[in-house]
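Enquirer: Take this sequence and fold it.
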Amino acid sequence: MTRLKGRVTLATVAGSAGVSVATVSKVLNGRSDVSPVTRARVQEILQKHGYVGRRPDPVQRDTIELFYQGVVNAYSVEVIQGVVEAGQAAGVDIVLNSRPKHPPATGTTATNGATRITAASTGRAARWIRQLIASGRRAAIGLTSELSDADLAALARARVPLVVIDPANTPEPEVTSVGSTNFAGGMVAAQHLLSLGHRRIAYVGGQPTSGCNRARMSGFRSAMDAAGATVPPEYVWLSDFLYDDGLAGGSSVLDLRDRPTAIFAGSDEVALGILEAARARGLRVPEDLSLVGFDDTEVARLASPPLTTVRQPLREMGAVALRTALQLAAGEQVASHHVELATSLIVRGSAAPLELSSVAAS
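Expert: Residues are numbered from 1 along each chain as shown. Down below sits the predicted model:
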């Protein structure tokens, strides 16, 4: 059979098969009122000449915008995976977007710590909301993002539902958020190290303004106070939840004259930085230094030694945020504006009893 030249249309296929255009159309649409012989001949010609018909208009799917600030790390990858998997199950598309952090501006911070709405911040928020509306987003999910008053006001005016996962700043009461039991997680981390005989325990964590960091540190301090163990100011290092912050914070506390025998790290990535700081100083984990992380990401399992850490159900947090956003978009009431999923301690090899360590032996 000679391949037809030029663009193959229904008419050219019909002419080659010796049938009407209507018959070719019936074959394409799976109609039953075509004889088997004719159907086979038409299908052979369609396949031979690579006929591609006009595709039907795609079904419009709902989209949710998932935005974040800063870098994508082991923690955020787990949460994003949870959002995406829940979106697939719900039949909605997830659009990932990075938003720059709000630049500091003189005179924008009120005496009570709240951020005032300035002309610049209002303009940025308005542009962002216009993009959300133009793109047809049903709702927005913020991952560890800092939202200004202008952002919240613009979202409210546009009636774009918002759910925040581990907000970087304390959200307003009406803002729906999803997190974990950070206070309980910080407490159980300290209690584990205390149960191993440690009393000189440092904390290396995230930004002091971060809500989850404050909760973790408060739980840590609560357990230390209950055990009568003091936490000197130099035993606390606050910066961010990334590897370089753990390296810097670990170096600082491990260079102290009375260095800690154990450190609670505010994230697994911080714990990795502390591991490197210890290695650079010839300290072994857990023989010379016990270490507990937070998150239970993949890096905790791959670390050497594997990290004892406080597990957050990160994928479930993402899934809960997605389902909650869809509820709000549908105009449904949610049971709570703030959901906290339970944390748990995962014991591995990075923490050991103090009496077995070289610090105690010396």
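Enquirer: elements contacting the one helix or strand Ala202 maps to?
Expert: For Ala202, the enclosing helix or strand under DSSP states H and E is strand 201-205. Secondary structure elements in contact with strand 201-205, counted by 3 or more CB pairs under 8 Å, 6 or more residues apart in numbering; DSSP states H and E, are helix 182-195, helix 211-226, strand 236-238, helix 243-254, strand 262-265, helix 268-280. For glycine as for every other residue, the C-beta is placed from the backbone atoms N, C-alpha and C.
Enquirer: Which neighbours in the sheet does that strand have, and how are they oriented?
Expert: The strands that strand 201-205 pairs with in its sheet are strand 236-238 (parallel), strand 262-265 (parallel) (by DSSP bridges).
Enquirer: Check those for me and report the most buried one.
Expert: Comparing those by mean neighbour count (mean count of other CB atoms under 10 Å), strand 262-265 comes out on top with a mean of 32.
Enquirer: would you turn the strands paired with strand 201-205 into a markdown table with mean pLDDT and distance to Gln43?
Expert: Rendered in a markdown table, the data for the strands paired with strand 201-205 read as follows (pLDDT from 0 to 100; distance: least, CB to CB, whole Å):
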| stretch | mean pLDDT | distance to Gln43 |
| --- | --- | --- |
| strand 236-238 | 98 | 69 |
| strand 262-265 | 98 | 64 |
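Enquirer: now for the ones you listed, which one comes closest to Asp33?
Expert: In this view, these are compared for proximity to Asp33 by CB to CB, and strand 262-265 is the closest at 71.6 Å.
Enquirer: Show me what the closest one is in contact with.
Expert: Where contact means CB atoms under 8 Å, 6 or more residues apart in numbering, the residues beyond strand 262-265 that reach it are 186, 189-190, 193, 196, 198, 200-205, 220, 246, 250, 253, 271, 274, 289-294, 351, 354.
Enquirer: What distance separates the opening and closing residues of stretch 299-309?
Expert: Distances were taken as CA to CA, to the nearest Å; on that basis the terminal residues of stretch 299-309 are 11 Å apart.
Enquirer: Check the offset of that stretch from the chain's centre.
Expert: The gap between where stretch 299-309 is centred and where its chain is centred comes out at 20 Å by CA atoms, centre = their mean, to the nearest Å.
Enquirer: ok so Arg138 is a helix residue?
Expert: No: the assignment for Arg138 is strand, going by DSSP: H, G, I helix; E, B strand; the rest coil, so no helix is present there.
Enquirer: If you count neighbours, what's buried in stretch 37-54?
Expert: Thr38, Arg39, Arg41, Val42, Ile45, Leu46, His49, Tyr51 (16 or more other CB atoms under 10 Å).
Enquirer: scratch that, stretch 192-208 is what I was asking about
Expert: 192-194, 196-198, 200-207.
Enquirer: any idea which of those residues is closest to Val84?
Expert: Using CB to CB, the shortest approach to Val84 within those belongs to Gly206, at 24.8 Å.
Enquirer: Spit out the contact partners of the closest one.
Expert: When the contact criterion is CB under 8 Å, 6+ apart, the partners of Gly206 are Cys212, Asn213, Leu238, Ser239, Asp240, Phe241, Asp245, Gly266, Ser267, Val270.
Enquirer: Return the distance of the closest residue to it other than its chain neighbours relative to Phe294.
Expert: For Gly206, the nearest residue in space outside its immediate sequence neighbours is Asn213; the separation is 3.7 Å by CB to CB, 6 or more residues apart in numbering. Asn213 sits at a distance of 10 Å from Phe294 (criterion: CB to CB, to the nearest Å).
Enquirer: Looking at the two now, which is surrounded by more residues?
Expert: A count of neighbours by other CB atoms under 10 Å puts Phe294 above the other of Asn213 and Phe294, at 32 against 25.
Enquirer: secondary structure element for that one?
Expert: strand 290-295.
Enquirer: quick one: strands adjacent to that strand?
Expert: Strand 290-295 sits in its sheet next to strand 262-265 (parallel), strand 308-311 (parallel), going by DSSP bridges.
Enquirer: Now these in TSV, please, with extra columns for distance to Arg61.
Expert: Shown next, in TSV, are the strands paired with strand 290-295 (distance: least, CB to CB, whole Å):
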stretch	distance to Arg61
strand 262-265	40
strand 308-311	33
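Enquirer: CA-only coordinates of stretch 210-224 in CSV, if you can.
Expert: Included here for stretch 210-224 are C-alpha records, laid out as CSV according to Å, rounded to 0.1, in the frame of the first residue of the first chain:
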residue,chain,number,x,y,z
SER,A,210,9.9,30.3,63.8
GLY,A,211,6.8,28.9,65.5
CYS,A,212,7.9,25.3,65.2
ASN,A,213,11.4,26.1,66.5
ARG,A,214,10.0,27.9,69.5
ALA,A,215,7.8,25.0,70.3
ARG,A,216,10.6,22.4,70.0
MET,A,217,12.9,24.5,72.2
SER,A,218,10.1,25.1,74.7
GLY,A,219,9.5,21.3,75.0
PHE,A,220,13.3,20.8,75.3
ARG,A,221,13.6,23.4,78.1
SER,A,222,10.5,22.0,79.9
ALA,A,223,12.0,18.6,80.1
MET,A,224,15.4,20.0,81.2
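Enquirer: So what touches it?
Expert: Contact partners of stretch 210-224, identified using CB under 8 Å, 6+ apart, comprise 166-171, 179-180, 182-191, 194, 201, 203, 205-208, 230-231, 236, 238, 241, 264, 266, 294.
Enquirer: Closest one of the contacts of Gly206 to Val320?
Expert: If you rank those by distance to Val320 using CB to CB, Cys212 comes first, at 15.6 Å.
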